[in-house]
Structure formats: C-alpha cells, structure tokens
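Undergrad: Quick one: sequence plus predicted model below, questions after.
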Amino acid sequence: MKNTQAYSQLSQLAENLQTTDLKSLFDDENRFEQFHVTMPGAMLDFSKQKITSEIFNQLVSLAKEVDLKGWIDRLISGEKLNHTEGRAAWHTALRNLSEPLPEVELQWHKMAYIVHELHSKQMRGYSGKPIYDVVNIGVGGSDLGPLMVTHALEMQKKPDAPNVHFVSTLDGRQLQSILAKLNPETTLFVVASKSFTTIDTLSLAETAKEWMLDHCGCSTTVMRHFIGVSTNVPKMSEWGILPDYQLEFWDWVGGRFSLWSSIGLTIAIQQGMEGFKTLLQGAHDMDTHFQEAPIEQNLPALVGLIGVWNTNFLNLAGQAILPYDSRLKHFAGYLEQLEMESNGKHTQRDGEFVDYRTCPILWGEVGPNAQHAFYQLLHQGTERVMSDFILFKEGQGTDERAQFHQNLNIANCLAQSRAMMVGQESDDPHKHYPGNQVSNTLLLDRVDAYHLGMLVALYEHKVFTQSVVWNINPFDQWGVELGKKIALNILDSIEQKQADHLDGSTQGILKQIWEHTYAN
Ligand code: F6P
C-alpha cells in the first residue's frame with residue numbers, strides 16, 4: 001500500500017484536512033448527491049465521512065494501483081488466494097444458482113431432502129414421534145452465521161419448520177439450559193464443524209449424545225438424532241454419524257464464509273430450501289455487483305476503501321456496527337469474526353510485517369439499545385470511531401402502531417448520525433459535543449432473505465477489498481491456534497493437578513481454584 005502513488009497523495013490530503021470540521025463539508029449543498037451510491041435494493045450514504053472529491057478520486061486510484069479488479073476476478077474464479085493453506089476461498093461459488101458446481105448441487109439435494117422430511121414430519125425420533133426442535137452445535141463460523149440469519153428471519157419461519165436452537169460455549173451451561181427445555185424424543189442435533197476436530201463442538205456433541213442415550217438407551221437408534229456437517233467425512237464417520245446423515249462441504253469454504261454451504265442447514269430448515277436459495281441469490285447479486293460495477297459505484301469496494309481512509313490516514317482504530325432493527329441482534333457478533341479473524345493480521349502476503357494499521361477493533365449492538373449504552377463514548381469520549389448505521393426502509397409491520405415504531409426508529413438513527421457529525425457547542429463543558437465523528441449509512445429495503453444475503457456479501461467483499469489494499473491473506477487464521485495448543489497443555493496440568501511448570505499467574509489462579517474446590 002505504501003509504495004503506491006495514491007498513498008503519498010492521500011497522506012498529504014489527510015494532512016491538509018486536519019483542521020477541517022466534518023459539518024463544514026456540508027456547506028456544499030450537493031454533498032449527498034456526490035457521496036452516495038445505489039444498487040437495486042441498497043444505498044450507501046458516505047457523505048458523513050471526512051472525504052472530498054479529491055480524496056475520493058485518490059481512493060479509487062489506490063484501488064486501481066493495487067489491482068483490486070484483478071483480485072476480484074481471481075477470487076470469483078476460484079484461484080487459490082489462501083496461499084498459506086494452499087486453498088481457494090470460493091464462497092462465491094456456493095451462491096451461483098444458475099451455474100452450480102455439481103458437488104454444491106448434490107448437497108442442496110441432500111439438504112432439501114432433510115428439510116422436506118422435517119417439514120412433513122417424516123423424520124422421526126427413537127420413539128416414533130416427529131422432530132420439533134433442532135439444536136445446532138458449532139462454534140465460530142459453524143455457529144455465528146446460521147445464528148445471525150435464523151434470528152433475523154425468524155418472522156418468516158415456515159409454519160411446519162421445527163424450532164432451531166444454537167449451542168456454542170464449551171462450559172456446558174448453555175447446552176444444559178437448552179436441553180432442560182427439550183424432549184429428547186423430538187430433538188435433532190446438527191453437529192456443525194468444518195474440521196470435525198474442534199474440542200468445543202465435539203465435547204458438547206458428546207454431552208448431547210450422552211443425554212440422548214440416557215433417555216433412549218439404544219446406541220443405534222440414538223444416531224438418528226444426529227446430523228453431521230463437515231469437510232471431514234472420516235471424522236464424522238468415526239464419531240458415529242450415519243452415512244445418510246452426513247452433509248459435506250469443502251476446504252475451499254472458509255469457516256467464516258460457510259453459512260452459504262451445508263453449514264446453513266438450520267437456515268434451510270427454518271426458511272425452507274427456497275428461502276435459503278433466496279439468501280444465496282441476494283449474495284450472488286452482490287457478487288455480480290462487486291465484480292462488474294466500476295469502483296466509483298461499487299458499494300463493497302467503497303465501504304472497504306473508506307475504512308482504509310479512516311484507518312490508515314485519519315488513524316481511527318474503532319469501528320462500530322449499528323443496525324437499527326432488532327432482527328439484526330447478532331449481526332455485529334457475526335461481523336466481529338468476519339472482519340477481525342480475516343484482517344486482524346500483522347503479516348503481509350510475502351511474510352513481511354506491516355508498518356501500517358490493519359483491521360480496526362469492531363464491535364456493535366442494535367442501535368436503539370446501544371444509544372442507551374455506549375453511544376456516550378461516541379459523542380463525548382476521547383476516541384475517534386467510525387460507525388456504520390444500517391437502516392431498513394420497511395419496519396416490522398404495516399399497521400399504525402408498527403408504522404409509529406418505524407418512524408421513531410428512523411428518527412433515532414438519523415438523529416444519532418447527525419448528532420455525531422454536527423455536535424453542539426456549549427459553555428458548559430459537560431454539555432459540549434465535539435461532533436466530527438464519521439459514519440456511513442447503509443439503507444436497504446427490508447429485512448428478508450434476499451436483502452440479508454446482499455448485506456452479508458457486501459461486508460465479505462469489504463473485508464476482501466481491505467485485504468487487497470493491506471496486502472494480507474484474509475482467509476487464514478493462524479493467530480487462533482496458539483491459544484488452542486496452550487489450552488490443551490493447561491487441561492493436562494489441571495487433570496494431573498500439577499501446575500509447577502506453568503507461569504506464576506497461571507499457577508496462582510489454578511491454586512486458588514483448587515483450594516476452593518477441595519475446601520468444598
Ligand atoms: O478457531 C477458529 C476457527 O477455526 C474458526 O475459523 C472456525 O469458524 C471455528 O474455529 C470453528 O471451526 P470448525 O468449524 O472446524 O469447528
């Protein structure tokens with residue numbers, strides 16, 4: 001990035017802009033016209049960014065200098081861009097409904113069969129009763145995507161669909177509290193794990209198997225309550241998943257990009273196969289836009305480039321995600337993995353360390369709740385943060401009361417982004433609002449499978465755009481491996497009750513736990 005001409009130009013432009021107040025940029029009456037882009041179903045307003053037309057042009061030049069378009073073509077054609085693992089990152093192939101890969105189509109058929117069996121109450125448990133509850137056991141990408149989507153689309157649940165539940169935390173309490181409410185005779189588990197070696201998922205699945213065995217008592221029929229979803233067929237079989245109950249995907253699907261694969265089974269169960277394919281279609285239309293639209297009109301590329309401007313030239317290290325719809329409750333959590341596991345890296349593709357910032361710290365919450373929680377920092381804190389407001393034109397209903405709530409919601413969203421931009425002077429320092437906090441507003445038509453597919457793909461491509469500029473591989477995640485290895489060593493020490501070889505802090509904490517445990 002630093003060796004581009006655009007980088008020097010942008011550094012100079014950032015310098016010149018230092019004393020410019022965001023609100024003064026709105027003296028230009030055409031600012032919104034100039035700094036918003038649309039595509040069918042979505043609009044990006046980036047007029048509340050500290051951007052001028054010169055900066056915009058240089059960001060576009062930066063994208064051209066790093067050959068963003070070439071990288072997009074390589075991504076979508078399935079080239080092995082994940083070079084540290086020798087794999088493609090071909091999630092876009094999972095949503096190409098008009099030209100599907102044969103192996104993808106085969107999995108759609110298998111998913112459709114399971115969905116049909118569940119909806120028609122043909123799939124029955126050990127006592128012959130139909131399945132009413134499906135529990136997804138998975139973590140990270142094998143949990144967050146399906147959890148986020150099924151929560152967002154709950155209102156569109158197919159009437160005959162079983163309820164879906166999600167379990168991910170290895171402490172076991174989340175699983176226990178769900179199991180306490182379920183009937184084993186009518187419960188199906190989906191063990192979702194790309195690797196089928198993740199200890200979190202396997203330990204929970206083992207507990208679920210024991211629970212099921214305690215009730216049904218028969219080790220052969222019990223396995224009719226477990227579907228496996230993985231790239232690792234031998235491991236699924238070893239664990240006992242029956243061949244007809246195995247769904248597959250492939251190493252070219254990254255965990256955090258896997259909701260579009262058979263990992264999305266719970267989405268298909270809730271929404272029906274058609275609903276699942278509508279989600280894929282929304283994402284595919286965003287893929288086409290990303291590949292075909294010029295950078296100047298390209299929503300994901302622009303969101304990515306604006307993020308680069310804020311991160312590398314304005315030195316902002318925080319990114320807030322603020323959806324104004326409670327159905328997007330899990331969206332920020334989903335993006336935390338997508339963005340930070342992808343671009344939270346300090347190594348360039350060739351192994352050189354970066355000497356510039358990469359992924360900012362990203363967090364978020366449904367806007368109206370967050371207003372009463374952390375917006376204080378956004379309005380009067382010492383940190384400069386970039387925010388994405390996400391708003392939908394349609395609310396959750398059409399009656400008068402629903403319309404009133406939607407108007408209130410829109411008013412609050414617009415009030416907050418405006419307040420962050422303009423601030424307010426006051427002689428009382430406690431009531432002084434500096435403003436000058438930058439934001440995007442993404443406006444979509446409604447929360448449905450199609451628009452959600454678009455929105456998620458938009459952020460996937462934002463992440464990819466930034467990775468190209470930062471010259472990093474967004475598709476590996478070596479950083480999470482060290483903790484897993486150390487956890488296994490510490491588990492061993494706990495089981496042996498032998499902590500002397502560990503560091504002082506770890507020893508001290510373990511000793512306090514042991515004193516407490518053996519005193520009680
Ligand atoms: O530890 C990180 C990670 O590998 C994520 O990338 C992945 O989504 C998650 O763990 C779960 O992995 P798996 O689906 O293989 O169980």
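TA: Cool, the structure landed. These numbers were taken from a predicted model, which means no experiment stands behind them.
Undergrad: Please, where are all the helices along the stretch 401-520 of the chain?
TA: In the stretch 401-520 of the chain, the segments counted as helices under DSSP state H, counting those that start in this stretch are 449-470, 481-496, 504-519.
Undergrad: Nearest to the ligand, out of those helices?
TA: Across those, the ligand has its closest neighbour in helix 481-496 (6.7 Å, C-beta to the nearest ligand atom). All C-beta spots, glycine's among them, are computed from the backbone N, C-alpha and C.
Undergrad: Show residues contacting the closest one.
TA: 199, 499, 501-502, 506, 510 (C-beta atoms under 8 Å, 6 or more residues apart in numbering).
Undergrad: Let me know the angle separating that helix from helix 504-519.
TA: 40 degrees (axes from the mean of the first three to the mean of the last three C-alpha atoms, to 10 degrees).
Undergrad: Export helix 481-496 to CSV, keeping only CA atoms.
TA: Provided in CSV are the C-alpha atoms of helix 481-496 (Å, rounded to 0.1, in the frame of the first residue of the first chain):
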residue,chain,number,x,y,z
GLU,A,481,-4.0,-21.7,17.0
LEU,A,482,-1.6,-20.8,19.8
GLY,A,483,-4.4,-20.4,22.4
LYS,A,484,-5.8,-23.8,21.5
LYS,A,485,-2.5,-25.5,21.9
ILE,A,486,-1.8,-23.9,25.3
ALA,A,487,-5.4,-24.8,26.5
LEU,A,488,-4.6,-28.5,25.8
ASN,A,489,-1.4,-28.3,27.9
ILE,A,490,-3.2,-26.5,30.8
LEU,A,491,-6.1,-29.0,30.6
ASP,A,492,-3.4,-31.7,31.1
SER,A,493,-1.9,-29.9,34.1
ILE,A,494,-5.4,-29.5,35.6
GLU,A,495,-6.1,-33.2,35.2
GLN,A,496,-2.7,-34.1,36.7
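Undergrad: hmm, it touching the ligand?
TA: No: judged by C-beta under 6 Å from any ligand atom, helix 481-496 and the ligand are separated, with a smallest distance of 6.7 Å.
Undergrad: List the buried residues in that helix.
TA: Using 16 or more other C-beta atoms under 10 Å as the test for burial, helix 481-496 gives Ser493.
Undergrad: Of the contacts of helix 481-496, just the buried ones, ChimeraX syntax please.
TA: The buried residues among the contacts of helix 481-496 can be selected in ChimeraX (16+ other C-beta under 10 Å) with this line:
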select :499,502,510
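Undergrad: Make CSV out of the contacts of helix 481-496 and add distance to the ligand and pLDDT.
TA: Compiled in CSV, the contacts of helix 481-496 are given as follows (distance: C-beta to the nearest ligand atom, whole Å; pLDDT from 0 to 100):
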residue, distance to the ligand, pLDDT
Ile199, 9, 94
Ala499, 25, 91
His501, 25, 92
Leu502, 23, 94
Thr506, 21, 96
Leu510, 24, 95
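Undergrad: mind checking pLDDT for Cys216?
TA: Cys216 carries a pLDDT value of 89.
Undergrad: and Gln5, how many residues sit next to it?
TA: Residues lying near Gln5 (other C-beta atoms under 10 Å) number 11.
Undergrad: I figured it hits Gln12, correct?
TA: No: Gln5 lies out of contact with Gln12 (C-beta atoms under 8 Å); the separation is 11.1 Å.
Undergrad: The longest strand along the chain packs against which elements?
TA: The longest strand of the chain (DSSP state E) is strand 385-392. Other elements packing on strand 385-392 under the criterion 3 or more C-beta pairs under 8 Å, 6 or more residues apart in numbering; DSSP states H and E are helix 299-308, strand 318-323, helix 375-380, helix 400-422, strand 439-444.
Undergrad: Confirm Ile267 sits in a strand?
TA: No: counting by DSSP: H, G, I helix; E, B strand; the rest coil, Ile267 falls outside a strand, being helix.
Undergrad: For it, list the residues it contacts.
TA: Listed by C-beta under 8 Å, 6+ apart, the contact partners of Ile267 are 146, 149-150, 153, 259, 275-276, 279.
Undergrad: switch the cut-off to 6 Å
TA: For Ile267, the contacting residues are 146, 149-150, 276, by C-beta atoms under 6 Å, 6 or more residues apart in numbering.
Undergrad: can I get those residues in TSV with secondary structure?
TA: As requested, those are exported to TSV (three-state DSSP):
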residue	secondary structure
Pro146	helix
Val149	helix
Thr150	helix
Phe276	helix
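Undergrad: now, among these, which is nearest to the ligand?
TA: Distance to the ligand, by C-beta to the nearest ligand atom, is smallest for Pro146 among those, at 11.6 Å.
Undergrad: Show me which residues of stretch 149-168 are buried.
TA: By neighbour count on 16+ other C-beta under 10 Å, the buried set for stretch 149-168 is 149-153, 157-158, 161-168.
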